[in-house]
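Undergrad: Fold the following, please.
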Amino acid sequence: MKKLLILLIFSFFSLQSYAGSCPDGSDPVKSISVDGTYFVYNCGGGSSNNSSSKASASSDAGIDRYGGRAEIPEDANPNYQTLYYFLDSYLNEWDRFYKRWPNDGYKYNIEKSNRPYTFKSDLRENKDVKNEFQKTALLSYLIYEKGKIVIDEITPKERFGELFNNQSKLHSQSAGKSITSYIVGHAICDGYISSIDAKIDDWPAAKNTLYDNQKIIDLLNMNAGDHYYVTQNGLINSNRWYNNYPVEDILQNEFRNSKKSTSKHNYHGFLTNLLGTYVVHKTGDNFQILLNKVFQEKAQIEDSVFFLKQENATVNDKTFWNQFYGNRYDYLRVSRAILNDWQQDTCVGKYLKSVYDNAIPKNKRYSSGFRLGYTEKYAGQFHTHFQGIHRPIVMMDGFGGQIFVIDFERERIIAIQAIHDNFNFKKLVFDVLNND
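TA: From the prediction side, this is the model:
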């Protein structure tokens, strides 16, 4: 009876919304979803026109699932329906964790601050930015300068606005690496870890692995000599995906009796998960207190944010995955906290400057025009040293275009969220950094 009532309610509103909404002006054909909980509307011909409605995007017509992959490949050229389909998946992917662990044991949750930071605005219009929203997978674009938001654009209703709004919590992807580094800085400043030169020699899980007795800074810089065991694509010997399994499980299996090789930059996510899990180990029962300090007191978030655990972890596993979720303004609040720490030369600010000063060259060449190719070095989980720009700037970068660039001298933050990185990075980021 309850399911029938839901169907009737959706039917009324959906008929009002979708009548005559197909690209050719005709009405969509209504059917019931596989699980019987909502209606699906199909337009004939599977048009990929950008003005297609939510109804056509919800159908199978025109959607490329890329062989069942969980994400859109970075070299893909997805149409509107495919972008819509994947955004819906991205925004709801963490639900599967909740269905397994309804007691919140699947994540580290941080509730909203008692005194959330209120942004001031002095908005200006940028037609180039608006045009990018009409033809690309952009969801949010914010520029914060000298204490004020000066550009604030979000995907319009006719694009992806039916799914994405100011409250939507989108994944960080690898931008979570930088946020994890920020947490490490707080762990150092609160005395849980002595410094970036401290060695991991007091963690039983790392014994008899190549990471035992290595310096924090080498782990932060992904300079640990582990390239024969793990790459950006996963664990070499087992082919397991490191974001699916608890850190200690991987240390006890893939890294048992492993030997360090000559150090070189080897970019991957396992080291970030290891660092986060090491902080969990060092802080013990105070890990939640540390997280609250970072996000509630320092960043002053307006809504709850969280990190997930790995999918194959259990409630009792003391492990950490750097996948972070927050709304678009809370990502900006975290970026602003990093900016303030640097400018005010706080203890965490000194940490940020230390890792910046210890930056190492990247060990990978990127294709021409790819966003990571604009930076030359890697510093403590941040991408740094933009080509031709000789002032301190750090970039938090995540798959698909989750980008947060902090320009310390010009007191500027460029914050971008997207479904896919088919937008003009040079125009939206690099040119902005080069211009006053």
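Undergrad: Please count neighbours and contacts with C-alpha atoms only from this point.
TA: Fine.
Undergrad: measure the nearest residue to Gly373 once chain neighbours are set aside to Lys293 for me?
TA: Using C-alpha to C-alpha, 6 or more residues apart in numbering and skipping the chain neighbours, the partner closest in space to Gly373 is Tyr366 (5.1 Å). Taken as C-alpha to C-alpha, to the nearest Å, the spacing of Tyr366 relative to Lys293 amounts to 37 Å.
Undergrad: Have a look at those two and say which one is more surrounded.
TA: Lys293 (17 against 12; other C-alpha atoms under 10 Å).
Undergrad: What strand or helix carries the closest residue to Pro156 other than its chain neighbours?
TA: Sequence neighbours aside, Phe133 is the residue nearest to Pro156 in space, at 7.8 Å (criterion: C-alpha to C-alpha, 6+ apart). Assessed by DSSP states H and E, Phe133 sits inside helix 127-135.
Undergrad: Asn223 contacts His265, correct?
TA: Yes: Asn223 sits in contact with His265 when judged by C-alpha atoms under 8 Å, with a separation of 4.6 Å.
Undergrad: Taking the centroid of this structure, which residue is nearest it?
TA: Taking C-alpha atoms, centre = their mean as the criterion, Ser172 is the residue nearest the geometric centre of the chain, at 1.0 Å.
Undergrad: Next, work out how far apart it and Asn286 are.
TA: Taking C-alpha to C-alpha as the measure, Ser172 falls 24 Å from Asn286.
Undergrad: domain ranges for this protein?
TA: Listed by automatic domain parsing, the domain ranges of the chain are 2-62, 89-436.
Undergrad: what stretches of the stretch 51-200 of the chain score poorly on pLDDT?
TA: Segments of the stretch 51-200 of the chain classed as low confidence (criterion: pLDDT under 70) are 51-61.
Undergrad: Do a quick rundown of the strands in it.
TA: 107-110, 120-121, 138-145, 148-154, 170-171 (DSSP state E, counting those that start in this stretch).
Undergrad: Pull the number of nearby residues for Lys135.
TA: Using other C-alpha under 10 Å, Lys135 is surrounded by 13 other residues.
Undergrad: Please disregard the earlier target; I meant Phe408.
TA: Phe408 has 17 nearby residues by other C-alpha under 10 Å.
Undergrad: Wait, it touches Met395, no?
TA: No: in terms of C-alpha under 8 Å, Phe408 does not count as a neighbour of Met395; the distance is 11.2 Å.
Undergrad: where's the nearest residue to Glu311 once chain neighbours are set aside relative to Lys264, distance?
TA: When the adjacent residues along the chain are set aside, Glu311 lies closest to Asn244, with 5.1 Å between them (C-alpha to C-alpha, 6+ apart). Computed with C-alpha to C-alpha, the distance linking Asn244 and Lys264 is 25 Å.
Undergrad: neighbour-wise, which of these two wins?
TA: Set side by side, Asn244 and Lys264 show more neighbours around Lys264, with 18 against 14, by other C-alpha under 10 Å.
Undergrad: give the contact list for the more buried one.
TA: Residues in contact with Lys264 (C-alpha atoms under 8 Å, 6 or more residues apart in numbering) are Met222, Asn223, Ala224, Gly225, Asn363.
Undergrad: What separation do you get for the fourth one and Asp317?
TA: Distance check for Gly225 against Asp317: by C-alpha to C-alpha, it reads 27 Å.
Undergrad: just the first one next, same as before
TA: Using C-alpha to C-alpha, one obtains 24 Å as the distance from Met222 to Asp317.
Undergrad: So which of those two has more stuff around it?
TA: Neighbours per residue (other C-alpha under 10 Å) separate Met222 from Asp317, with Met222 holding more: 27 against 16.
Undergrad: need the contact list for that one.
TA: For Met222, the set of contacting residues under the criterion of C-alpha under 8 Å, 6+ apart consists of Lys264, His265, Asn266, Tyr267, His268, Leu271, Gln381.
Undergrad: Now do stretch 87-94: everything it contacts.
TA: Contact partners of stretch 87-94, identified using C-alpha under 8 Å, 6+ apart, comprise Leu163, Ser168, Lys169, Leu170, His171, Leu308, Ile419.
Undergrad: Buried subset of the residues you listed, written for PyMOL?
TA: What follows is the PyMOL syntax for the buried subset of the contacts of stretch 87-94, where burial is set by 16 or more other C-alpha atoms under 10 Å:
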select buried, resi 169+170+171+308+419
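Undergrad: Turn the contacts of stretch 87-94 into CSV, including distance to Gln252.
TA: Conversion of the contacts of stretch 87-94 to CSV gives the following (distance: C-alpha to C-alpha, whole Å):
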residue, distance to Gln252
Leu163, 41
Ser168, 37
Lys169, 34
Leu170, 32
His171, 28
Leu308, 21
Ile419, 36
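Undergrad: Pull the most distant pair out of the contacts of stretch 87-94.
TA: The largest separation in the contacts of stretch 87-94, counting by C-alpha to C-alpha, is between Leu163 and Leu308 at 21.5 Å.
Undergrad: Tell me the secondary structure of Thr314, please.
TA: Taking DSSP: H, G, I helix; E, B strand; the rest coil as the rule, one finds Thr314 in the coil state.
Undergrad: Next one: it, what pLDDT does it get?
TA: If you check Thr314, the pLDDT there is 89.
Undergrad: Verify the stated contact: it with Tyr106.
TA: Yes: the pair formed by Thr314 and Tyr106 meets the contact definition of C-alpha under 8 Å, at 7.4 Å.
Undergrad: Mind checking which of these two has more residues around it?
TA: For Thr314 against Tyr106, the residue with the higher neighbour count under other C-alpha under 10 Å is Tyr106, and the figures read 25 against 16.
Undergrad: who touches the residue nearest to the more buried one when sequence neighbours are not counted in this structure?
TA: Excluding the flanking residues, the one nearest Tyr106 by C-alpha to C-alpha, 6+ apart is Lys309, at 5.4 Å. Shown in contact with Lys309 (C-alpha under 8 Å, 6+ apart): Tyr106, Lys107, Tyr108, Pro246, Thr319, Phe320, Trp321.
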